[in-house]
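Peer 1: next come a sequence and a model predicted from it.
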Amino acid sequence: MAALSLPIKGVGQTDDTIFALSSGALPSAVAVVRISGPRAGEALRALIGRLPEARKAVLARVRDPETAESLDQALALWFPSPASETGEDMAEVQLHGGRAVVAAVFSALRKFEGMRLAEPGEFTRRAFEHGRLDLTRIEALADLIYADTEAQRQQAFRHMQGLLGDRAERWRQTLIEAMALVEAAIDFPDEGDVPADLLQPALNIAARLCHEIEETLATSVRGERLRDGLTVAIAGPPNVGKSSLLNRIAQREAAIVSPAPGTTRDVIEVHLDLEGFPLTLLDTAGIRDSSEPVEQEGIRRARTRAARADLVLWVTDPSSRMGEQASSDLINGNALWLITNKCDVLSEAAVESLRNRTAAHPYFAISAKTGAGVEHLLDALANFARLYFKPSEPALVTRERQRQMLQVTEGALRRAVGEGARGREEVVAEELRAASQALGRLVGRVDVEDVLDAIFGDFCIGK
Ligand SMILES: Nc1nc2c(ncn2[C@@H]2O[C@H](COP(=O)(O)OP(=O)(O)O)[C@@H](O)[C@H]2O)c(=O)[nH]1
Ligand SMILES: [Mg+2]
């Protein structure tokens, strides 16, 4: 991956050497302890009696440097700076994954001056500070660690390879060229038509970048949704079997089912992996006129969540009256599917005629009780997700932060082009600077102190 060439200033540097357990919960087969910082080499030598050849695993006896007591037999690795993950000197010991083993090695490490346990995300933060990773790659790394489904993994991995970061860096370089042209136009003595020759190419560059960024932004809804999952809300009148349907799909008793109408109050969420695509299914309170305050609040929540969902499954049962139709404020322009539940109480002929009726929306006749028709509904949901997420191009924007930075860039470029047409070079220069500043913030080159805690807070200790 492309390392950044400029050091990033203003980020809190520390000379501490840090260590942490980088592998999962103990006990485990192997426990990976990583050490990073100026004293990493010294610490490793003290623990195993020598410094191994760089990047070659060696089997070694791990000893407490003070008492010389053997603590474990381990694999040890040495990554001298700068060719390490953090960019600092790094050591790694792969211990037997017992709690007491790791505790003994930790207490040996604590005896070194200037050595301390790492904070969450501190290894990655140091990699960022040393220009090893840009911010979009760090965000992708967090996404990769938390990816639940195959499509999320693919998206995170592409972004870790620099899908957005490299592109943003290219845009920034091009912008710097455009800025140089505008500066030259401003500095040019006020005679002849040379400034126009300088300004116009700069405006062409700005217009082209503006267009490219617009196209990139168009993928953002999809990219952000893939991180969070598509939201599908189950809504409808009380007692039609909404909670039963959720439980049937989740294959567990996630929601309380009861013959008493108005049982569900809070919105209940179930996370599903449908053929690799993440989907959050919501069970909501049955929508009806109610004077009971808690139920009213439940209905209010049901309405808001359904209005924000990507798809509403409007469930009724054979006893539902007309008029219990999904109201338009509920679907808010999002997709709507109609479902008749409890089809087990109907004759096969009646179910058949329900299925054959013409409807303005996709229609499903199911039974949450027997499971009839639920498989078919799930296939349709997987298809819905596939169509949503699988246009030819991978999404370039996956987070709100990235989208905001690109929107700022795009706005500034658009204004630059407009002002250029009026020959106002000074303002063009200013807008181009603003655009480049926003791109710099996107990759984390400039002035990002305020977002770092939020980004690194996503990581666990040892990463
Ligand atoms: N016969 C039949 N009863 C069902 C079915 N689904 C749910 N029920 C019953 O309908 C009642 C209400 O179910 P519930 O899931 O709590 O409905 P909700 O209020 O819409 O969430 C309960 O007594 C369920 O056992 C179904 O497919 N067939
Ligand atoms: Mg319910």
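Peer 2: Yep, it's here. Numbers count the residues shown, from 1 in each chain. Ligands and ions are numbered 1, 2, ... in the order given.
Peer 1: from here on, just use CA atoms for contacts and neighbour counts.
Peer 2: OK.
Peer 1: tell me the SS of the residue in the stretch 1-150 of the chain that ligand 2 sits nearest to?
Peer 2: Per Cα to the ion, D148 is where the stretch 1-150 of the chain lies closest to ligand 2, at 27.0 Å. Secondary structure assignment for D148 (DSSP: H, G, I helix; E, B strand; the rest coil): coil.
Peer 1: same question, the one 3 residues further on
Peer 2: Three states are possible here, and by three-state DSSP the one that applies to A151 is helix.
Peer 1: what's the burial count for it?
Peer 2: Neighbour count of A151, defined by other Cα atoms under 10 Å: 20.
Peer 1: isn't it up against L274?
Peer 2: No. Contact criterion Cα atoms under 8 Å: A151 and L274 do not qualify, at 10.0 Å.
Peer 1: that older thread, quick check: pLDDT value at the residue of the stretch 1-150 of the chain closest to ligand 2.
Peer 2: As predicted, D148 sits at a pLDDT of 90.
Peer 1: who touches it in this structure?
Peer 2: D273, P278 (Cα atoms under 8 Å, 6 or more residues apart in numbering).
Peer 1: follow-up on the earlier one: what touches both of A151 and L274?
Peer 2: In contact with both A151 and L274: no residue, using Cα under 8 Å, 6+ apart.
Peer 1: next helix or strand past the lowest-mean-pLDDT helix or strand in the chain?
Peer 2: Least confident helix or strand of the chain, by mean pLDDT, DSSP states H and E, is helix 328-331 with a mean of 61. Elements were assigned by DSSP states H and E; along the chain past helix 328-331, the next helix or strand is strand 335-340.
Peer 1: alpha carbons of the helix or strand that contains E215, as PDB, please.
Peer 2: Using DSSP H and E, E215 sits in helix 194-217. Extracted in PDB, the C-alpha atoms of helix 194-217 (Å, rounded to 0.1, in the frame of the first residue of the first chain):
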ATOM      1  CA  VAL A 194      -2.100  35.200 -20.600                       C
ATOM      2  CA  PRO A 195      -4.100  34.900 -17.300                       C
ATOM      3  CA  ALA A 196      -7.000  33.400 -19.200                       C
ATOM      4  CA  ASP A 197      -4.700  30.800 -20.600                       C
ATOM      5  CA  LEU A 198      -3.700  29.900 -17.100                       C
ATOM      6  CA  LEU A 199      -7.100  30.200 -15.500                       C
ATOM      7  CA  GLN A 200      -9.100  28.200 -18.000                       C
ATOM      8  CA  PRO A 201      -7.100  24.900 -17.700                       C
ATOM      9  CA  ALA A 202      -7.400  25.200 -13.900                       C
ATOM     10  CA  LEU A 203     -11.200  25.600 -14.200                       C
ATOM     11  CA  ASN A 204     -11.300  22.600 -16.600                       C
ATOM     12  CA  ILE A 205      -9.500  20.500 -13.900                       C
ATOM     13  CA  ALA A 206     -11.900  21.800 -11.200                       C
ATOM     14  CA  ALA A 207     -15.000  21.000 -13.400                       C
ATOM     15  CA  ARG A 208     -13.700  17.500 -14.100                       C
ATOM     16  CA  LEU A 209     -13.000  16.800 -10.500                       C
ATOM     17  CA  CYS A 210     -16.300  18.100  -9.400                       C
ATOM     18  CA  HIS A 211     -18.000  15.700 -11.800                       C
ATOM     19  CA  GLU A 212     -16.000  12.700 -10.600                       C
ATOM     20  CA  ILE A 213     -16.700  13.500  -7.000                       C
ATOM     21  CA  GLU A 214     -20.400  13.800  -7.700                       C
ATOM     22  CA  GLU A 215     -20.300  10.300  -9.200                       C
ATOM     23  CA  THR A 216     -18.400   9.100  -6.200                       C
ATOM     24  CA  LEU A 217     -21.000  10.600  -3.900                       C
END
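Peer 1: cool, thanks, signing off.
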